[in-house]
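Chemist: sequence isn't available, so here's the structure alone:
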């Protein structure tokens, strides 16, 4: 092997970034993933084994869903692509919806199908916007209280 695994990994990541396929914030996770894959391939090649390891993204294979949801990316367990959030649109490509995807892989129904950073950001925005205070019943109650005080809305 003329190049080290790290050099090959670096070249692959650099090319993916150059083509705009990987946001710079997700490079570390992708770097680790590619390096681990190349390491397994190298070990398999050196052992002379012809058997292939099971693809974790093949239907029917057991995959730990917790590993698919990382800090900056979520990996689709159907195809192995990474996203910030698994959208309904992407899941439709696999003839699934979020509910059936969660059921298929044993993911709890309340678990967001998005990266931890994206989930935290949405949670923070909701706390700032406070949409529960904007509910129609709340607005109606505010108007009623204002009328009683003699203030027009």
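Modeler: Yep, that arrived. Just so we're clear, the structure is a prediction, and the values are computed from it rather than from any experiment. Residues are numbered from 1 along each chain as shown.
Chemist: in this structure, which helix is the longest?
Modeler: Counting residues, the longest helix in the chain under DSSP state H turns out to be helix 27-47.
Chemist: tell me the helix or strand right after it.
Modeler: Proceeding C-terminally, helix 27-47 gives way to helix 65-68 as the next helix or strand, assigned by DSSP states H and E.
Chemist: what mean pLDDT does the helix or strand following that next one get?
Modeler: Beyond helix 65-68 in the direction of the C-terminus, DSSP H and E gives the next helix or strand as strand 74-75. For strand 74-75, mean pLDDT rounds to 92.
Chemist: could you do stretch 142-152 as well?
Modeler: When the per-residue pLDDT values of stretch 142-152 are averaged, the result is 79.
Chemist: same question, stretch 45-60
Modeler: For stretch 45-60, mean pLDDT rounds to 56.
Chemist: what do you get for stretch 109-116?
Modeler: What stretch 109-116 shows for mean pLDDT is 93.
Chemist: let me see the domain layout of the chain.
Modeler: As given by automatic domain parsing, the domain ranges for the chain are 1-53, 57-145.
Chemist: as JSON lines, those with mean neighbour count would be great.
Modeler: No exception for glycine: its C-beta is placed from N, CA and C like everyone else's. Written out in JSON lines, the entries for these read as follows (neighbours: other C-beta atoms under 10 Å):
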{"stretch": "domain 1-53", "mean neighbour count": "12"}
{"stretch": "domain 57-145", "mean neighbour count": "13"}
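Chemist: looking at these, which has the lowest confidence?
Modeler: domain 1-53 (a mean of 72).
Chemist: most remote residue from the middle of the chain, which is it?
Modeler: The outermost residue of the chain, judged by C-alpha distance from the chain's mean C-alpha position using C-alpha atoms, centre = their mean, is residue 150 at 51.6 Å.
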